[in-house]
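Asker: Pasting the sequence and the predicted coordinates here, then a few questions.
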Amino acid sequence: MKAQDKVDVIFDAVVRRNPGESEFHQAVHEVLESVVPVLDRHPEYADVKIIERICEPERQIIFRVPWEDDRGEVHINRGFRVEFNSALGPFKGGLRFHPSVYLGIVKFLGFEQVFKNALSGMPIGGGKGGSDFDPKGRSDREVMRFCQSFMTELYRHIGEYTDVPAGDIGVGGREIGYLFGQYKRITNRYESAVLTGKGLSYGGAQVRREATGYGAVFFAEEMLRAVHDSLEGKRVVVSGSGNVAIYAIEKVHQLGGVVVACSDSSGYVHDDKGIDVELLKDLKEVRRARIDAYVGRRPHARFVADRSVWEVPCQVAVPCATQNEIGAAEAKALISGNCMIVVEGANMPAGPEAIRAFAEAGVRFAPGKAANAGGVAASALEMQQNASRDSWTFEFSEQRLRDIMGDIHRRCYATAEEYGMPGNYVAGANIDGFRRVAEAMLAHGLI
Ligand SMILES: NC(=O)C1=CN([C@@H]2O[C@H](COP(=O)(O)OP(=O)(O)OC[C@H]3O[C@@H](n4cnc5c(N)ncnc54)[C@H](O)[C@@H]3O)[C@@H](O)[C@H]2O)C=CC1
Ligand SMILES: O=C(O)CCC(=O)C(=O)O
């Protein structure tokens, strides 16, 4: 059977075995499409069913999370941890708290994480978890009670050498603190590297908070450098206004670009003088406000409710909100606004039609598993510092991050060339990440 036919059969089986999990199907399809030429060169992968094994999580945990709100009402949420692949190291990946979370989302994120972590060059496997709990509008005490209940089940599945969660949508420094406190209390172990994204006062690492956003912008810089250009003077749009978006905006400004718009799930703000990132931090990190509050303090800016931020023309687009936020219509708007590069700060924000449209229009596109790998790479650096009971300076940590992103870019670029698809970062990232995992799985035998 030809490699393409084999891959088609495997994909059909994935869809049949995982019904209704459209995001997972989408993520698998993108990777399988890219690895067909690898199978042609490495028939040994097919002989021991590496792809079929890669598409099946090693372990999936689903659990009940009961908690009580401030009025004494009891709520029941569902918790998940999908331990996808540990060929390269302990399972590693964030936790997402958002009402949309279900098994298919956790599996898509876990699957992406496997290849991302491989690309990072760090000794970490891939996993992901979360809950359909919505922290929006909840008091700190409610969030704490939820986190404590969540960890009361999760603790038995995680550990420095087993599975190391971190943050994602809805899980930031506050939540990681509560989760860590409960893990320590239940296990009676001060196991620093059981979670990453910790506060600096108890084992967190410099630059982890900034790393995903900074890393995506370092990747953008490398993409522009490859075509003898730079971020200097570029008009940039960033979607979202959470952890990844805020630090992407900060780094774009430091490197001479201007971010003119950003968003949240209620709409977007357009500020032609450049988004005031300190104001954004105050609104989002401290006050947890909606984004329309921005225009109260910057009256020349405008807030546009319930519309896509991608209608604002830009040369560089950095989607940092959520999956499938760029479909065919948004891609068309970006292309007609003369966008040059799209760099995924979020996980899978661009759908397949958008990726195809960018390729046809010559818009360079970097997939999240390469461009947003700075976050998890910095998490691995946090684990390294925890293991050696050390802490590095901000400057040293940022330089490590920059080197890692440069290295990921180089490998994606070179792999795409090696396989005859120059400039195709999707192929470069999928092939390089896949090969690393496949080689380790081959070495470990049939497990
Ligand atoms: N935090 C991290 O280190 C990493 C995060 N990511 C990805 O980056 C993206 C953003 O994550 P964080 O910034 O950590 O989360 P966050 O919770 O700090 O921020 C999420 C942002 O996205 C917006 N958003 C969420 N759902 C939305 C929707 N349906 N429509 C419009 N806006 C929406 C929120 O309003 C918020 O501004 C996610 O795709 C996440 O998986 C990827 C790598 C690492
Ligand atoms: O830092 C980590 O372990 C996970 C980051 C993450 O969830 C991601 O890369 O999507």
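Answerer: Great, that's in hand. Residues are numbered from 1 along each chain as shown. Ligands and ions are numbered 1, 2, ... in the order given.
Asker: what about the longest strand in this protein?
Answerer: The strand spanning the most residues in the chain, taking DSSP state E as the definition, is strand 74-85.
Asker: what inclination does the helix or strand just after it have with respect to strand 74-85?
Answerer: On the C-terminal side of strand 74-85, the closest following helix or strand by DSSP states H and E is strand 91-97. Here strand 91-97 runs at 150 degrees with respect to strand 74-85, directions being taken by axes from the mean of the first three to the mean of the last three Cα atoms, to 10 degrees.
Asker: Please save the CA atoms from the very next helix or strand once past strand 91-97 in PDB.
Answerer: Later in the chain than strand 91-97, the nearest helix or strand by DSSP H and E is helix 103-119. As requested, the backbone C-alpha atoms of helix 103-119 are provided in PDB (Å, rounded to 0.1, in the frame of the first residue of the first chain):
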ATOM      1  CA  LEU A 103     -12.500  15.300  25.900                       C
ATOM      2  CA  GLY A 104     -12.000  16.300  22.200                       C
ATOM      3  CA  ILE A 105     -10.400  19.600  23.000                       C
ATOM      4  CA  VAL A 106      -8.100  18.100  25.600                       C
ATOM      5  CA  LYS A 107      -7.100  15.400  23.200                       C
ATOM      6  CA  PHE A 108      -6.400  17.900  20.400                       C
ATOM      7  CA  LEU A 109      -4.300  20.000  22.700                       C
ATOM      8  CA  GLY A 110      -2.500  16.900  24.100                       C
ATOM      9  CA  PHE A 111      -1.700  15.700  20.600                       C
ATOM     10  CA  GLU A 112      -0.300  19.100  19.500                       C
ATOM     11  CA  GLN A 113       1.700  19.200  22.700                       C
ATOM     12  CA  VAL A 114       3.500  15.900  21.800                       C
ATOM     13  CA  PHE A 115       5.100  17.400  18.700                       C
ATOM     14  CA  LYS A 116       5.600  20.900  20.100                       C
ATOM     15  CA  ASN A 117       7.500  19.500  23.100                       C
ATOM     16  CA  ALA A 118       9.600  17.400  20.700                       C
ATOM     17  CA  LEU A 119      10.300  20.500  18.600                       C
END
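Asker: which residues are in contact with the helix or strand harbouring Ile408?
Answerer: With the criterion set as DSSP H and E, the secondary-structure element containing Ile408 is helix 394-418. Applying Cβ atoms under 8 Å, 6 or more residues apart in numbering, the external contacts of helix 394-418 come out as 119-121, 205-207, 210-211, 214-215, 218-219, 222-223, 226, 366, 370, 373-374, 377-378, 381, 392, 422-425, 427-429, 431-432. From N, CA and C alone the C-beta is placed, and that goes for glycine too.
Asker: Pick out the residue of the stretch 201-350 of the chain closest to ligand 1.
Answerer: Of the residues in the stretch 201-350 of the chain, the one nearest ligand 1 is Gly242, at a distance of 1.8 Å by Cβ to the nearest ligand atom.
Asker: contacting residues for that residue?
Answerer: By Cβ under 8 Å, 6+ apart, the residues touching Gly242 are Ile169, Gly172, Asp264, Lys284, Cys320, Ala321.
Asker: dump the residue contacts of the first one.
Answerer: Contacts for Ile169 were tallied using Cβ under 8 Å, 6+ apart; they are Arg96, Phe97, His98, Gly242, Thr322.
Asker: what do you get for the last one?
Answerer: Applying Cβ under 8 Å, 6+ apart, we find Ala321 in contact with Ser239, Gly240, Gly242, Ala245, Ser263, Asp264, Ser265, Ala346, Pro349.
Asker: got a pLDDT number for the fourth one?
Answerer: What that stands for is Ala245. Predicted confidence (pLDDT) for Ala245: 98.
Asker: just checking, it is part of a helix?
Answerer: Yes: Ala245: assigned to a helix according to DSSP: H, G, I helix; E, B strand; the rest coil.
Asker: For it, which non-adjacent residue is spatially closest?
Answerer: Cys320 (3.9 Å; Cβ to Cβ, 6 or more residues apart in numbering).
Asker: That neighbour is in contact with Gly345, isn't it?
Answerer: Yes: at 3.6 Å, Cys320 counts as touching Gly345 under the criterion of Cβ atoms under 8 Å.
Asker: And those two? Which one has more around it.
Answerer: Neighbours of Cys320 and Gly345, each counted by other Cβ atoms under 10 Å, are more numerous for Gly345; the result is 32 against 29.
Asker: what number of residues lie near whichever residue of the stretch 51-200 of the chain sits closest to ligand 2?
Answerer: Closest to ligand 2 within the stretch 51-200 of the chain is Gly94: 2.6 Å, counting by Cβ to the nearest ligand atom. Other residues lying near Gly94 total 26 when counted by other Cβ under 10 Å.
Asker: Hmm, Gly127 and it touching each other?
Answerer: No: taking Cβ under 8 Å as the definition, Gly94 is not a contact partner of Gly127, at 9.2 Å.
Asker: Could you name every residue contacting both of these two?
Answerer: Residues touching both Gly94 and Gly127 by Cβ under 8 Å, 6+ apart: Pro165.
Asker: got the residues of the chain near ligand 2?
Answerer: Proximity of the chain to ligand 2, by Cβ under 6 Å from any ligand atom, involves residues 92-94, 113, 116, 166, 168, 196, 347, 372, 375-376, 379.
Asker: This completes my enquiry, with thanks.
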